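Colleague: here is a sequence together with a model predicted from it:
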Amino acid sequence: MIPYGRQDIRQEDIDAVTAVLRSDFLTQGPVVPRFERQLADRVDAGHGVACNSATSALHVACLALGVGPGEIVWTSANTFVASANCARYCGATVDFVDVDPETGNMSVAALRVKLEVAAHDGQIPRVVIPVHFAGQPCDMGAIGELADEYGFSVIEDASHAIGGNWHGDPIGSGRHSDITVFSFHPVKIITTGEGGMAVTNDAGIAEHMSLLRSHGVTRDPGCMSREPDGPWYYEQIELGFNYRLTEIAAALGESQLARLDDYVERRRALAKRYDRLLSGLPCRPLARTPGAESAWHLYVVRLDDPVRRRSVFDALRHRDIGVNVHYIPVPSQPDFARLGFDMSDFPGAASYYAGAMSLPLHPGLSEGDQDRVVSALREALA
């Protein structure tokens, strides 16, 4: 089977993890803060807060920005459910912004119209979470302008997009947002096994997220309500969670981060080659946003005839080609439908989903594998 995504583990990764296993620390040691600093520096951010998943990072990011009962959070209708669930964990109300079916990313036009209605009704969201789908950045310049105009905060869900950039600014630099969240799941650009990180330029937000990821417990006397009983003393000053990343995972992430540029360069080369090989077939890749450099987590095509997707999907799977579909629109999920969402309110997401299919794309994909994928796709479409 040629998988749609796959981790790339090398001897240096194994050596880095082995070194931690032989050290004095498996969690809460020196490697996690070092990984945080290296990644934050790589994306031109001030601070990094590593967590045991990107979902955890999204959760503490929402809390650090004041999301709670009575607040509203908007995210993209085309994403994985975690982008919406993080706000529900906080007790907030979730709503969705429709997407541009040609890119799969949040539609700025739809966001603007939704904000005009929300302003009239006094229902401006506390936070908007745009999702850089497939690795291609959203129009962060326009979203940042709307954030300034309407007074909401922005969390970039960049689970797909480490290594990408917007008009030369690395995704994560925070020029148009408050917090950016990355994922290190095995099929993502770099991996820690499971894991994620929130980056921000606000020291106070970073400190709050760090507190929340570790039970809300502090050993800092300056944050305590009374004088410590002794050097062993700690206080829980807020309800937090056990969202810490282990030293083992951080060591793997640190090793992988050293190859980030190579990984993204390889993905971009494969994507360009797909563009050439697929030319003339009755399918098309996602449109590219001017000024955006994708990290190419996914290579998605949209079939000209969406009715044929199931037969094409089955034909490729039968040939041991692990195509996939990203994503089933979140408002259509039963748990969200029970909240009153109706896909008729999200025609862009519905149109995108109807014909979308993700082709295999990962650094270990050979050109021979890619030729095999395209040959099978050509036969299935014929």
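Modeller: That came in fine, so what should we check first? Numbers count the residues shown, from 1 in each chain.

Colleague: when you work out contacts or count neighbours from here on, use the C-alpha atoms and nothing else.
Modeller: Will do.

Colleague: break the chain into its domains for me.
Modeller: The chain breaks down into these domains under automatic domain parsing: 11-257, 260-381.

Colleague: pull the contacting residues for Val325.
Modeller: Going by C-alpha atoms under 8 Å, 6 or more residues apart in numbering, Val325 touches 356-358.

Colleague: picking up where we left off before, just the domains of the chain: most buried one?
Modeller: domain 11-257 (a mean of 21; mean count of other C-alpha atoms under 10 Å).

Colleague: which other helices and strands contact the secondary structure element (helix or strand) that Gly253 belongs to?
Modeller: Counting by DSSP states H and E, the element that carries Gly253 is helix 247-257. For helix 247-257, the helices and strands in contact under the criterion 3 or more C-alpha pairs under 8 Å, 6 or more residues apart in numbering; DSSP states H and E are helix 11-21, helix 31-42.

Colleague: so where do the helices sit in the stretch 101-250 of the chain?
Modeller: Using DSSP state H, counting those that start in this stretch, the helices of the stretch 101-250 of the chain run over 108-121, 140-150, 203-212, 247-257.

Colleague: closest one to Arg42 among these?
Modeller: Of all those, helix 247-257 sits nearest to Arg42, with 8.9 Å by C-alpha to C-alpha.

Colleague: show me the contact partners of that closest one.
Modeller: Contacts for helix 247-257 (C-alpha under 8 Å, 6+ apart): 12-14, 16-17, 20-21, 25-32, 35, 38-39, 184, 190-195.

Colleague: look up how far Tyr352 lies from Asn78.
Modeller: Counting by C-alpha to C-alpha, to the nearest Å, the separation of Asn78 from Tyr352 is 9 Å.

Colleague: sorry, back to before: is it possible to export the helices and strands packed on helix 247-257 to CSV including mean pLDDT?
Modeller: Converted to CSV, these look like this (pLDDT from 0 to 100):
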stretch, mean pLDDT
helix 11-21, 98
helix 31-42, 98
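
Colleague: and of those helices, who's closest to Ala147?
Modeller: Nearest of these (C-alpha to C-alpha): helix 31-42, 23.3 Å.

Colleague: show me what the closest one is packed against.
Modeller: Looks like helix 31-42 contacts strand 47-51, helix 247-257 (3+ C-alpha pairs under 8 Å, 6+ apart).

Colleague: what's near enough to touch the residue positioned nearest the centre of the chain?
Modeller: Geometric centre of the chain, nearest residue: Ser159, 1.7 Å, by C-alpha atoms, centre = their mean. Contacts here follow C-alpha under 8 Å, 6+ apart; on that basis Ser159 touches 54, 131-132, 135, 181-184, 188.

Colleague: now those residues as JSON lines including distance to Gly216?
Modeller: Below are the contacts of Ser159 laid out as JSON lines (distance: C-alpha to C-alpha, whole Å):
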{"residue": "Ala54", "distance to Gly216": "19"}
{"residue": "Val131", "distance to Gly216": "28"}
{"residue": "His132", "distance to Gly216": "30"}
{"residue": "Gly135", "distance to Gly216": "33"}
{"residue": "Val181", "distance to Gly216": "20"}
{"residue": "Phe182", "distance to Gly216": "22"}
{"residue": "Ser183", "distance to Gly216": "23"}
{"residue": "Phe184", "distance to Gly216": "24"}
{"residue": "Lys188", "distance to Gly216": "29"}
